[in-house]
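Engineer: The sequence isn't on hand, but the structure is:
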Ligand SMILES: NC(=O)C1=CN([C@@H]2O[C@H](COP(=O)(O)OP(=O)(O)OC[C@H]3O[C@@H](n4cnc5c(N)ncnc54)[C@H](OP(=O)(O)O)[C@@H]3O)[C@@H](O)[C@H]2O)[C@@H](O)CC1
Ligand SMILES: Nc1ncnc2c1ncn2[C@@H]1O[C@H](COP(=O)(O)OP(=O)(O)O)[C@@H](O)[C@H]1O
Ligand SMILES: [K+]
């Protein structure tokens, strides 16, 4: 199943479409939401748990009333704490509040800190239905108290849809939010579930379906997660009669006297990921040192004094440049030369990004696809902004670079964001902190090179490459390694584990 990622606006559009065009009533959606969340909650709690459900002024609070009724009806010990005065509960939420009361439920209206404190410490589980998609600005009186007390004294917190107070979208730096242990997301994760400064507030999250139609998501949602299903569906299978030329002849340019190893890892990863032939273009001074480390590759010497080496570019199906090449003037000239003179997919990584920054406009006129693969530091450098600014709004900035320079952007991180020049965005969720080690990016560059040569769609190739890279690390950490000891060269071997899941 495709997991869409939505902004608040997209979710409201989907919701409105469902109500107005499909004809499903808002009260019904709220009933479905509350029921679906309750079912998940039951898997997370014990029958003996004392459950306290905090409800706020909007429809997220409305979900809370349905959850309370559903659990109460199954003989759970449920207390509702309404953190706003009665007149604030209106519309569908009021309808479900009345149904809850008619079922015999009682409501504690608590806005004072001491009341909220007492009820929270005397419960085993807090269900947070204070605010959802509709949060705007700083939390007002009453709500802020509840959020602060929950964070201070609650035993276990399960948030409904979004941890209350947390913005759904990117771009917000300051907020006060519930810190959830678990979040039950309605239908689709929101963008904030993938940002470095907001994702942790969700705790562990899972989604529930409330019956919103797929066509509404297809119409309004612009992003999705790239997972195993997508990888499996579009990974090309090897033709039994194929020969090495069918799987691409790739050139990887990089390496220098002080960083000879990275280019070897790129080459090995490319071969392990299925590339037919790989040539390493590197400093003539290091070829002898590294040639024995990747005996499957061929080598092309790059003379340090010659700014325009006569590399036979036309022989290659795709090129990657930058890993370990250093920041010398000669390296800069070589990058400029490759950008201008090649007419095949070009992947620019690491120092290559540093050099290309001076003339990004040249990327725009390349006829073949250009792929840039920055980590946040490199991306911030390309944009002349701080890493902090970038990480608050990474989807926006990725889109900006992709569309301004007509490039594919692979913004690396825990959640790698892949953006096409046309503005399609996906998030790769595979991978773990074992990859936070020198050389991981070089390995990714190799997998990207291999897949770009083997898949017709550059976009699918990039998504699959990121998935394979992360999944290799995940399988290694699950089976034989830990996120502490994992090394980039292990990840190259881990590619086999990922591929074997397909056979
Ligand atoms: N498909 C769907 O989408 C479905 C969605 N559903 C659920 O609905 C949720 C979205 O509901 P929603 O739009 O009512 O927003 P929500 O966050 O509950 O409350 C907004 C209220 O909060 C108030 N408020 C805002 N900021 C505030 C602040 N800083 N401090 C204090 N108050 C603040 C704001 O007041 P106002 O600014 O208008 O004065 C308004 O009264 C969604 O997350 C999901 O759980 C399901 O039920 C069914 C299908
Ligand atoms: N904490 C993490 N969780 C998941 N993936 C990670 C994490 N840290 C790094 N990675 C991945 O590891 C790779 C690191 O790339 P990069 O920073 O360029 O490494 P290097 O330059 O050291 O080779 C990227 O693909 C990134 O997505
Ligand atoms: K919430």
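Structural biologist: All right, it came through fine. Because the structure is a prediction, the values reported are computed rather than measured. Ligands and ions are numbered 1, 2, ... in the order given.

Engineer: Now do residue 452 against residue 395, distance only.
Structural biologist: According to CB to CB, to the nearest Å, residue 452 stands 23 Å off from residue 395. Bear in mind the C-beta positions are built from the backbone N, C-alpha and C, glycine included.

Engineer: Which one's more surrounded, the two?
Structural biologist: residue 452 (30 against 22; other CB atoms under 10 Å).

Engineer: distance of that one from ligand 2?
Structural biologist: Distance from residue 452 to ligand 2, counting by CB to the nearest ligand atom, to the nearest Å: 16 Å.

Engineer: Over to residue 165?
Structural biologist: From residue 165 to ligand 2 the distance is 25 Å (CB to the nearest ligand atom).

Engineer: Over to residue 484?
Structural biologist: 12 Å.

Engineer: So that residue sits against residue 437, correct?
Structural biologist: No. Assessed by CB atoms under 8 Å, residue 484 is found out of contact with residue 437, at 9.7 Å.

Engineer: Look at these two and report which has more neighbours.
Structural biologist: Set side by side, residue 484 and residue 437 show more neighbours around residue 437, with 17 against 9, by other CB under 10 Å.

Engineer: Could you check which helix or strand contains that one?
Structural biologist: Using DSSP states H and E, residue 437 sits within no helix or strand.

Engineer: In terms of pLDDT, where does it sit?
Structural biologist: Turning to residue 437, the model gives it a pLDDT of 96.

Engineer: How about the contacts made by the residue of the stretch 301-450 of the chain found nearest ligand 1?
Structural biologist: Using CB to the nearest ligand atom, the single residue of the stretch 301-450 of the chain nearest to ligand 1 is residue 392, 18.8 Å away. Counting by CB atoms under 8 Å, 6 or more residues apart in numbering, residue 392 makes contact with 170, 171, 172, 173, 195, 197.

Engineer: Show the backbone phi and psi for it.
Structural biologist: The phi/psi pair for residue 392 (degrees, to the nearest 10) reads phi -80, psi -30.

Engineer: what separates it from residue 16, distance-wise?
Structural biologist: Distance from residue 392 to residue 16, by CB to CB: 28 Å.

Engineer: Get me the contact residues on this protein for ligand 3.
Structural biologist: Contacts of the chain with ligand 3, taken as CB under 5 Å from the ion, map to 60, 128, 159, 160, 164.

Engineer: re the thing from before, for ChimeraX, write a command that selects the buried ones of the contacts of residue 392.
Structural biologist: This is how ChimeraX selects the buried members of the contacts of residue 392, with burial counted by 16 or more other CB atoms under 10 Å:
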select :170,172,195
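
Engineer: Among the contacts of residue 392, which ones are in helices?
Structural biologist: Taking DSSP state H as the definition of helices, those contribute nothing to them.

Engineer: Turn the contacts of residue 392 into TSV, columns for pLDDT.
Structural biologist: Below are the contacts of residue 392 laid out as TSV (pLDDT from 0 to 100):
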residue	pLDDT
170	98
171	97
172	95
173	94
195	98
197	97
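
Engineer: what residues are up against the closest residue to residue 316 other than its chain neighbours?
Structural biologist: Using CB to CB, 6 or more residues apart in numbering and skipping residues adjacent in sequence, the residue nearest residue 316 is residue 251, 4.3 Å away. Residue 251 makes contact with 278, 279, 281, 300, 311, 313, 316, 318, 319, 320, according to CB under 8 Å, 6+ apart.

Engineer: Could you single out the nearest of the residues you listed to residue 55?
Structural biologist: Distances from residue 55 to those, taken as CB to CB, are shortest for residue 320 (53.4 Å).

Engineer: Secondary structure element for that closest one, which one?
Structural biologist: Applying DSSP H and E, one finds residue 320 within strand 318-321.

Engineer: Who are the packing partners of that strand?
Structural biologist: Applying 3 or more CB pairs under 8 Å, 6 or more residues apart in numbering; DSSP states H and E, we find strand 318-321 packed against strand 249-253, helix 329-341, strand 346-348, helix 440-454.

Engineer: Dump these into a markdown table; add distance to residue 121 as well.
Structural biologist: A markdown table is the format used below for the helices and strands packed on strand 318-321 (distance: least, CB to CB, whole Å):
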| stretch | distance to residue 121 |
| --- | --- |
| strand 249-253 | 60 |
| helix 329-341 | 61 |
| strand 346-348 | 55 |
| helix 440-454 | 44 |
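
Engineer: Hmm, residue 342 and residue 367 touching each other?
Structural biologist: No. Using CB under 8 Å, residue 367 is not in contact with residue 342, being 9.7 Å away.

Engineer: re earlier: do you know the pLDDT at the residue nearest to residue 316?
Structural biologist: pLDDT at residue 251 comes out at 98.

Engineer: And it, how far from ligand 2?
Structural biologist: Taking CB to the nearest ligand atom, one finds residue 251 at 19 Å from ligand 2.

Engineer: What's opposite that residue in the beta bridge?
Structural biologist: For residue 251, the beta-bridge partners are residue 279, residue 319 (DSSP bridges).

Engineer: Now do the domain split for this protein, please.
Structural biologist: 4-221, 228-500 (automatic domain parsing).

Engineer: Disregarding residues adjacent in the polypeptide, which is nearest to the closest residue to ligand 2 within the stretch 51-200 of the chain?
Structural biologist: Closest contact between the stretch 51-200 of the chain and ligand 2, by CB to the nearest ligand atom, is at residue 196 (9.6 Å). In space, and not counting its chain neighbours, residue 196 is closest to residue 391: 4.9 Å by CB to CB, 6+ apart.

Engineer: ok, the one you found touching residue 376?
Structural biologist: Yes. Under the criterion of CB under 8 Å, residue 391 makes contact with residue 376 at 6.0 Å.

Engineer: In three-state terms, label the residue in the chain that ligand 3 sits nearest to for me.
Structural biologist: Of all residues in the chain, the one sitting closest to ligand 3 is residue 164 (4.1 Å; CB to the ion). Of the three states, residue 164 takes coil under DSSP: H, G, I helix; E, B strand; the rest coil.

Engineer: Make residue 1 into 15 and carry on from there
Structural biologist: Sure, I'll start numbering at 15, so the last one becomes residue 178.

Engineer: how many neighbours does it have?
Structural biologist: 29.

Engineer: what pLDDT does the nearest residue to it once chain neighbours are set aside get?
Structural biologist: Leaving aside its chain neighbours, residue 178 sits nearest to residue 144 (3.8 Å; criterion: CB to CB, 6+ apart). Residue 144 is assigned 98 on the pLDDT scale.

Engineer: just residue 323 next, same as before
Structural biologist: 67.

Engineer: how about the closest residue to residue 502 other than its chain neighbours, what does it touch?
Structural biologist: Leaving aside its sequence neighbours, residue 502 sits nearest to residue 453 (CB to CB, 6+ apart; 3.0 Å). Neighbouring residues of residue 453 by CB under 8 Å, 6+ apart: 275, 276, 279, 501, 502, 503.

Engineer: Alongside ligand 2, which residues does this structure contribute?
Structural biologist: 364, 389, 426-428, 430, 445-447, 449-450, 452-456, 458, 483-484 (CB under 6 Å from any ligand atom).

Engineer: Buried among the residues you listed? Make that a ChimeraX selection.
Structural biologist: Typed into ChimeraX, the line below selects the buried ones among those, using 16+ other CB under 10 Å:
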select :364,389,426,427,428,430,445,446,449,453,454,455,456,458,483,484
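
Engineer: for residue 271, phi and psi?
Structural biologist: phi -60, psi -40.

Engineer: residues near it, how many?
Structural biologist: Residue 271 - counted by other CB under 10 Å - has 12 other residues nearby.

Engineer: again with residue 98
Structural biologist: Neighbours around residue 98, by other CB under 10 Å: 20.

Engineer: check which helix or strand covers it.
Structural biologist: Using DSSP H and E, residue 98 falls outside every helix and strand.

Engineer: Chain neighbours aside, what residue packs nearest to it?
Structural biologist: residue 71 (4.5 Å).
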